[in-house]
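Novice: From the sequence below, what's the structure:
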Amino acid sequence: MQVEDRPDALLTDCGMPSDTFNVACRARLSPATVLDRIRQSIAWFQGRRHPFSWWVAPGDQPTELGQMLVAAGLEAADDELAMSADLRRIRLADLAPNRLDIRRVKSPSELVTFAQINAANWLPPNEHVLRFYERGARVLFTPESPFWYYVGYVDGEAVATAELTLGGGVVGLFNISTLAAHRHRGYGSAMTVQPLVDAAAAGYDTAVLQAAPDGVGVYRRVGFTTYGEVCEYKPREQEAVSGKR
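Specialist: Residues are numbered from 1 along each chain as shown. Alright, predicted model coming up:
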């Protein structure tokens with residue numbers, strides 16, 4: 001993986017042809033340099049011959065960044081709601097519906113299970129998701145790692161996941177996922193709430209996430225509210241190497 005972390009933008013390339021993990025984000029581009037920095041950032045990915053996505057979030061600057069990305073050859077691909085919640089006011093849910101057993105991932109083998117469930121969100125399952133967590137396992141389990149991973153089991157079978165990322169004084173909630181055959185049983189709500197309870201116990205009071213359409217209802221019931229949108233931009237004609245999600 002290569003990371004270019006500048007004050008005005010963050011670029012990440014995972015070393016694989018996957019726009020799930022190759023991302024430009026956190027843009028704080030000045031009017032004087034914005035066009036040059038957009039061109040430089042696109043060239044940074046193109047030099048690695050890897051597909052990528054540019055995420056534009058509510059705090060990104062300039063406010064016309066999306067239009068500028070389109071003018072530079074990208075196109076809007078997906079929109080998701082940006083949501084936040086006060087962890088002191090989270091509405092608790094049943095954390096063990098249908099005997100769901102939520103466990104914090106503690107070993108590389110459990111991380112493989114986490115990755116397998118997330119990879120199943122694509123058809124066919126996304127091999128790059130599996131390889132990403134396999135490659136990163138050693139780093140992801142260091143004491144300073146900001147990632148908390150969870151897997152939910154029913155009668156010993158792994159059926160659901162959640163991920164919590166700590167950073168900037170808040171927690172980010174990601175990868176709330178349930179295998180297709182086990183959905184609509186309350187597992188998504190439980191997998192959403194358990195990491196938030198743990199984060200509150202650790203002293204955090206704010207959580208953020210970007211919500212896909214089928215998760216918005218769950219997050220609102222828990223206590224999340226909308227504060228904007230996250231729009232994903234990709235190069236036109238970009239080869240679809242990540243599979244269909």
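Novice: all contacts plus neighbour counts: C-alpha atoms, from now on.
Specialist: Will do.
Novice: Where do the strands of this protein begin and end?
Specialist: 2-6, 9-13, 23-25, 53-56, 74-86, 101-104, 147-154, 157-167, 170-178, 206-211, 225-235 (DSSP state E).
Novice: Return the most buried member of those.
Specialist: Highest mean neighbour count among the strands of the chain (mean count of other CA atoms under 10 Å): strand 53-56, with a mean of 24.
Novice: which sections of the chain are below the confidence cut-off?
Specialist: 239-245 (pLDDT under 70).
Novice: Looking at it, which residue reaches furthest from the middle?
Specialist: Relative to the mean C-alpha coordinate of the chain, counting by CA atoms, centre = their mean, the farthest residue is Ala32 (30.8 Å).
Novice: show me what contacts the residue nearest to Glu229 when sequence neighbours are not counted?
Specialist: Leaving aside its chain neighbours, Glu229 sits nearest to Leu81 (4.5 Å; criterion: CA to CA, 6 or more residues apart in numbering). By CA atoms under 8 Å, 6 or more residues apart in numbering, the residues touching Leu81 are Gln210, Ala211, Ala212, Val216, Thr226, Tyr227, Gly228, Glu229, Val230.
Novice: can you check Pro31 too?
Specialist: By CA under 8 Å, 6+ apart, the neighbours of Pro31 are Pro62.
Novice: Tabulate the strands of the chain (a markdown table), appending distance to Pro125.
Specialist: Shown next, in a markdown table, are the strands of the chain (distance: least, CA to CA, whole Å):
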| stretch | distance to Pro125 |
| --- | --- |
| strand 2-6 | 25 |
| strand 9-13 | 21 |
| strand 23-25 | 20 |
| strand 53-56 | 20 |
| strand 74-86 | 20 |
| strand 101-104 | 23 |
| strand 147-154 | 18 |
| strand 157-167 | 15 |
| strand 170-178 | 13 |
| strand 206-211 | 21 |
| strand 225-235 | 21 |
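Novice: can you tell which of those is closest to Glu110?
Specialist: Among those, the nearest to Glu110 by CA to CA is strand 147-154 (7.9 Å).
Novice: and for the closest one, what are the contacting residues?
Specialist: 98-105, 110-111, 113-114, 140, 158-166, 187, 191, 195.
Novice: what sits opposite the residue positioned nearest the centre of the chain in the beta ladder?
Specialist: Within the chain, one residue has its C-alpha closest to the average C-alpha position: by CA atoms, centre = their mean, that is Phe174, at 4.6 Å. Beta bridges link Phe174 to Glu163 when assigned by DSSP bridges.
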